[in-house]
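Novice: kindly generate the corresponding structure for this input.
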Amino acid sequence: MIKLKIIPLLLVFSQLLFSQPREFSKLDREKNVTFNEKIFYSYWLNPVQFDENLILNYNIRYDFLLFEKVQNSKSASDTFQARIKVMLELESPDLFIPIRNIEEVTIKTKDFEQTISKKFFYTSNFSIKVPAKKYKATLTIIDQVRNKEFNFKPFEIDLEDTTNFQTIFIKESDYKLLFSQELRNRFHNFLPFSSEKYLLILPDKEFFNEITIKDNFVKYDLKRKENVGLRYSIYNIDTLDLIEGVYDLIWKGTNKNFKKFSVLWIDKPEYLKTLDLAIKIMGYLFEDKEVLNKNFIDKAEQNRKFFELWKKYDPTPLTPFNELMAEFYNRADYASVQFKTVSEPDGAQTDRGKIFIIYGYPATIERSFLKDGRSVEVWTYNTNKNLKFTFVDENKNGNFRLQK
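Specialist: Predicted structure coming up:
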């Protein structure tokens, strides 16, 4: 039988690591940058609520950029700033000159922790009206502090075919903003995997009255929400078990009747990005995880089984996002760095890391030394049982061992 140990809530603390900006003698270029959780974009073709026929928003996570410290003579606190240039270029065979849009901006913060955070993004958009043609689009981001250019792989934008569309996902809480200018920065072409509830937005066409969403493991038939005058087909999808992966969107009534979309976990814990490692430390909670070590057809099947195992202990079982699992692996990320040693480079697999992942940050940590010079740490948790754990640096190398 699988048993789950109780995990207290944790306030995760980030270690602040200061660095100096690098200098480059010339522009350093990185081509064909792939879509990732630190920099990503989405675009909306022919949005009926706006005058422009193309809206492309982009998101840049703060820890992707290099922030430089700027001393302020008028203030005791320092300011950290990043400077970026973002360019969208649209090329078409019958255009002599490409259509270019450029934005330059300085991002400022007084909190250094924000500059290395996974939670803070700079978000903006290009909203333009262009001739209805097929374009090759190129999005370029220049980090002007380190003089480095990032070019996304070129992608096609087809405004010539009026039936062409992109899947649009918005937060359920942003539903009231559907016709607001604020929505320009708040939509995605992919479904973010998170605790937030999302809606799927499609064109207001009769063949979108009913759709199917499926992959090799799940299949859902959906009817659009009743709406009056919104000029869109809108679907509730927050209760669908759509974990990370690629899904087919299928409809009837046109020659081309399917489109693929992705579910992406934007702030996914680093530890979850390597499934074998994620499974390994599940033993801290589950006495039997061998079901995940059997032979699977592929990684997708193993990943689905992994999520199913965690689902049994999901505090919000009616939604696909599992807050308990996310918290567990966020703790693993913290422990991996905070408790690593020379002999164990992954701090999540040390004794202190294991206790931290299970119980969270202790209420108090008492440090002392034994007569032979070995370090001792006593962690105390203010729980009903007033838990205490004693760790000793047995070999004086920083690798503290839990004392029985």
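
Novice: mind listing the helices for this protein?
Specialist: Ranges of helices within the chain are 112-115, 275-280, 299-311, 323-338, 351-359, based on DSSP state H.

Novice: work out the gap between the fourth one and the centre of the chain.
Specialist: Centroid separation between helix 323-338 and its chain, computed with CA atoms, centre = their mean, to the nearest Å, is 15 Å.

Novice: ok, and the closest non-adjacent residue to Asn257?
Specialist: Trp251 (5.4 Å; CB to CB, 6 or more residues apart in numbering). The way it works is simple: take the backbone N, C-alpha and C, and place the C-beta from them, glycine included.

Novice: my guess is the one you found contacts Ile211. True?
Specialist: Yes: contact criterion CB atoms under 8 Å: Trp251 and Ile211 qualify, at 5.0 Å.

Novice: state the distance from Ile84 to His188.
Specialist: 21 Å (CB to CB, to the nearest Å).

Novice: can you pull the pLDDT of the spatially closest residue to Pro98 that is not a sequence neighbour?
Specialist: Among residues not flanking Pro98 along the chain, Glu91 sits closest, at 4.6 Å (CB to CB, 6+ apart). Confidence at Glu91, expressed as pLDDT, is 96.

Novice: and Asp267, by the same measure?
Specialist: On the pLDDT scale, Asp267 is placed at 90.

Novice: list the contacts for it?
Specialist: Asp267 sits next to 37, 118-119, 194 when contact means CB atoms under 8 Å, 6 or more residues apart in numbering.

Novice: low-confidence stretches in the stretch 1-150 of the chain?
Specialist: Low-confidence segments of the stretch 1-150 of the chain (pLDDT under 70): 1-27, 73-76.

Novice: the same query, at a cut-off of 80, please.
Specialist: Residues of the stretch 1-150 of the chain that meet the criterion pLDDT under 80 lie in 1-28, 31-35, 72-77.

Novice: dihedrals phi and psi, the residue nearest the centre of the chain?
Specialist: What sits nearest the mean C-alpha location of the chain, by CA atoms, centre = their mean, is Ile266, with 1.1 Å. As for Ile266, its main-chain torsions (degrees, to the nearest 10) stand at phi -60, psi -50.

Novice: state the distance from the spatially closest residue to it that is not a sequence neighbour to Phe187.
Specialist: Nearest residue to Ile266, sequence neighbours excluded (CB to CB, 6+ apart): Glu37, at 5.0 Å. With the distance defined as CB to CB, Glu37 ends up 17 Å from Phe187.

Novice: more neighbours: those two, which one.
Specialist: Each of Glu37 and Phe187 has its neighbours counted (other CB atoms under 10 Å); Phe187 has more, 23 against 15.

Novice: go ahead and confirm that one touches Ile170.
Specialist: Yes: with contact defined as CB under 8 Å, Phe187 and Ile170 form a contacting pair (5.1 Å).

Novice: I'd like to know which of the contacts of Asp267 are buried.
Specialist: Among these, the ones that count as buried by 16 or more other CB atoms under 10 Å are 118, 194.
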